[in-house]
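> Have a look at this prediction, sequence included:
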Amino acid sequence: MGSLTNHLLSTGHAVRLAARSNALTGPTSGLAPSYLQANLIVLPQRYAADFRLLCARNPVPCPLLAESSHPGAFDELKSYIRRSGSDAHPLLVAASDIDLRHDAPQYRVYRDGKLLVGERTDIVDEWQDGDHVGFLIGCSYSFEAALAEAGLPCRHVVQDRNVPMYRTNIALCPAGVFTGGTYVVSMRPYQLEDVDKVREITRRFVATHGEPIAWGWEAAASLGIEDIGCPEWGEGPRCLDGKQVYRQGADEGFVPVFWGCGVTPQEAVMRAELKGTVMGHAPGHMIVLDVQEQEVFGGPVDASEGADE
């Protein structure tokens, strides 16, 4: 992250400006606590309707937060984020002063369904005015501050590493051109005795994947994850000592806990072998919005309630 420190990036706008100037090029986990973070996927407009349907049919891994206000718009969003605690539930402005071509710290580019070599700090050359549509998908980074406040900090944040993400065998409900895709999940280790509390804390964050979909070593196997130490995206998890690779039996009392992950749309793009140029954030390198979690999800939940249910 260079000379920047977390306390200087305390708002979504500050993070976007740092990414836009290339002062921030690393993962965004732990930055701007309480501000919603978002995964990005940018598609030619001919695929936009099918992608909206994909999100509607698969809300856990693909919760849709916002999209370009019109094809080609990189600096104006149509928001789907609604305010909590109001009878009218008015829509919130996802972000002002935004540039989808610059405001993620790192990007990936796909051409005809194939990932091009090398990540990049902007997608200006690839963005086609009048055609490309950007979509913002909820990110599980958005509930990490709530976990930390409850005394359950995420290990990758504590160790200053990128969260591990895995391809699974859970099939996505298909939508138009998007067929053959599967869930991607992120993983955070927790003591088995704390899993109910973790579930309760994250359950209200329905627009950013909500509670875990699975936990435990048997769950890892059932998801088709053969080697927990070798994720397809992010960095390999470490034990508490920060040295040993996280594996069964190496981290006594801790089990893997899995959430839906917003890298899922990029996996769906590769499986669908879409023609043309598609772009997305580099896994772990999010666009941070201006909306704060309490505006969307309300106040914190007492995690002690219902833990034994």
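Cool, got the structure.
> For the residue nearest the centre of the chain, which non-adjacent residue is spatially closest?
Taking Cα atoms, centre = their mean, the centroid of the chain lies closest to Cys139, which sits 2.9 Å from it. Closest residue in space to Cys139, ignoring its immediate chain neighbours: Gln37 at 4.2 Å, by Cβ to Cβ, 6 or more residues apart in numbering. From N, CA and C alone the C-beta is placed, and that goes for glycine too.
> Verify the contact between the residue nearest to the centre of the chain and Gly260 for me.
No - using Cβ atoms under 8 Å, Cys139 is not in contact with Gly260, being 10.3 Å away.
> who touches both of the two?
Counting by Cβ atoms under 8 Å, 6 or more residues apart in numbering, the contacts common to Cys139 and Gly260 are His209.
> what residues are up against the residue nearest to the centre of the chain?
Leu36, Gln37, Ala38, Asn39, Thr208, His209, Gly262, Met286.
> Relative to Ala18, which of these is nearest.
Met286 (12.5 Å; Cβ to Cβ).
> So Ile248, which state does it fall into?
You called it Ile, but residue 248 is Gln. Look at Gln248: counting by DSSP: H, G, I helix; E, B strand; the rest coil, its state is coil.
> residues touching the residue lying closest to it once chain neighbours are set aside, list them.
What sits nearest to Gln248 in space, not counting adjacent residues and going by Cβ to Cβ, 6+ apart, is Trp217, at 5.0 Å. Applying Cβ under 8 Å, 6+ apart, one finds that Trp217 lies in contact with Gln248, Val255, Pro256.
> The same query, at a cut-off of 10 Å, please.
Ile225, Ile228, Arg247, Gln248, Gly249, Val255, Pro256 (Cβ atoms under 10 Å, 6 or more residues apart in numbering).
> Name the pair among those with the greatest separation in space.
Taking Cβ to Cβ as the measure, these span a maximum distance of 16.0 Å, between Ile225 and Gly249.
> quick one: which of those two has more around it?
Each of Ile225 and Gly249 has its neighbours counted (other Cβ atoms under 10 Å); Ile225 has more, 23 against 6.
> Arg247 is in contact with that one, correct?
No - using Cβ atoms under 10 Å, Ile225 makes no contact with Arg247, being 11.8 Å away.
> Go through the contacts of Cys139 and name the one nearest Gly181.
Among these, and counting by Cβ to Cβ, the member closest to Gly181 is Gly262, at 13.1 Å.
> Quick check: the closest one touching Pro61?
Yes - assessed by Cβ under 10 Å, Gly262 is found in contact with Pro61 at 7.0 Å.
> which residues are common contacts for those two?
Counting by Cβ under 10 Å, 6+ apart, the common neighbours of Gly262 and Pro61 are Asn39, Ile137, Gly138, Val184, Ser186, His209.
> Take those residues and lay them out in a markdown table including secondary structure and neighbour count.
Shown next, in a markdown table, are the shared contacts of Gly262 and Pro61 (DSSP: H, G, I helix; E, B strand; the rest coil; neighbours: other Cβ atoms under 10 Å):
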| residue | secondary structure | neighbour count |
| --- | --- | --- |
| Asn39 | strand | 30 |
| Ile137 | strand | 30 |
| Gly138 | strand | 31 |
| Val184 | strand | 25 |
| Ser186 | strand | 30 |
| His209 | coil | 28 |
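> Closest to Gly280 out of these?
Asn39 (7.3 Å).
> was I right about that closest one contacting Ile137?
Yes - taking contacts as Cβ under 10 Å, Asn39 lies within contact range of Ile137: 4.2 Å.
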